[in-house]
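# This is a predicted model, with the sequence first.
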Amino acid sequence: MRRTALAALCIAAAATVTLTGCLPGTDKADSESKGPFAGLTGGEIADRAVEATKGATSLRLKGEVPDEESGGTIRIDMALSKKGDCAGTMSMNGGRTELIKTGDTVYLKFDEAFLRAQSEGSSEEETEAVVDMLAGKWTKTAATGTDAKDLASFCDLDTVLSEFEDVNSDAERGATTTVDGTPAIALHEQDGKDRDTAYVATEGKPYLLRVVSKSAKDPGDITFTDYDKPVPAEAPKGKVLDLDAMGG
């Protein structure tokens, strides 16, 4: 069994730009099943969810995933589109960053806690200078710049979902339920003590609505909403610091 679905989704949500793996499915047909997706196996439902989700022009990711580098948790709330635009926030280690990408420019606003965490190892004087200069202020940088490439790639929904295929897993159909008021069916996958659950919409297009991983190694909980809605990616108004001009 390939148990990469949740780990891959969580990695994508944590802005590492890679989403690989599978949604839950099952190799055994359930011809007795009734209601939503009657007669379909978990794998067949997953295939439909993959196709629908990859066909969306935009969506919003919200939830939390582990950060292997720091050992902490990354919280994300980000809308992104196939045009490569995005808008939202990412939080980790007590710090928060606002992110907007529109066109060829990435806009970032860091809070003080984030800047102090990132300045670990620097002198107190250097840290205070960075905090004083950047905390709470919008900055901009070219999306093609070395430091911005990963973020820019994450803002591209096609890139995030580029390897979201080849399901081939063996989970089971679960009960019908709702996710934020949307009717859904649960698909469960288990590997030892690890249990993953994906929720797929049962009305309208079979979009992926939520993925929950109860895994010691790759825990996470991500919701998928605002399918095909405009991404509120507009350049910040007022003064914006140009990091490229500053050599940042």
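Yep, that arrived.

# Please identify the buried residues of stretch 239-246?
For stretch 239-246, a neighbour-count test (16 or more other Cβ atoms under 10 Å) marks L241, L243 as buried. Heads up, the C-betas are built off the backbone N, CA and C, glycines and all.

# Pretty sure L161 sits against A52.
No: taking Cβ atoms under 8 Å as the contact criterion, L161 and A52 are not neighbours in contact, 11.2 Å apart.

# in the chain, which spans are strands?
58-66, 73-81, 86-92, 95-102, 105-110, 138-142, 172-179, 182-191, 194-201, 208-214, 220-225, 241-242 (DSSP state E).

# who wins for proximity to E125 among these?
Set against E125 and scored by Cβ to Cβ, the strands of the chain come closest in strand 105-110, at 18.7 Å.

# measure the nearest residue to V200 once chain neighbours are set aside to P206 for me?
Spatial nearest neighbour of V200, excluding adjacent residues (Cβ to Cβ, 6 or more residues apart in numbering): A49 at 4.5 Å. Shown here: A49 relative to P206, a distance of 5 Å by Cβ to Cβ, to the nearest Å.

# where do the contact lists of those two overlap?
Common contacts of A49 and P206 (Cβ atoms under 8 Å, 6 or more residues apart in numbering): V200.

# Looking at these two, which one has more neighbours?
A49 (27 against 23; other Cβ atoms under 10 Å).

# got a pLDDT number for that one?
In the predicted model, A49 carries a pLDDT score of 89.

# closest one to E126 among the strands of the chain?
Relative to E126, the nearest member of those by Cβ to Cβ is strand 105-110, separated by 15.3 Å.

# Nice, that's everything, thank you.
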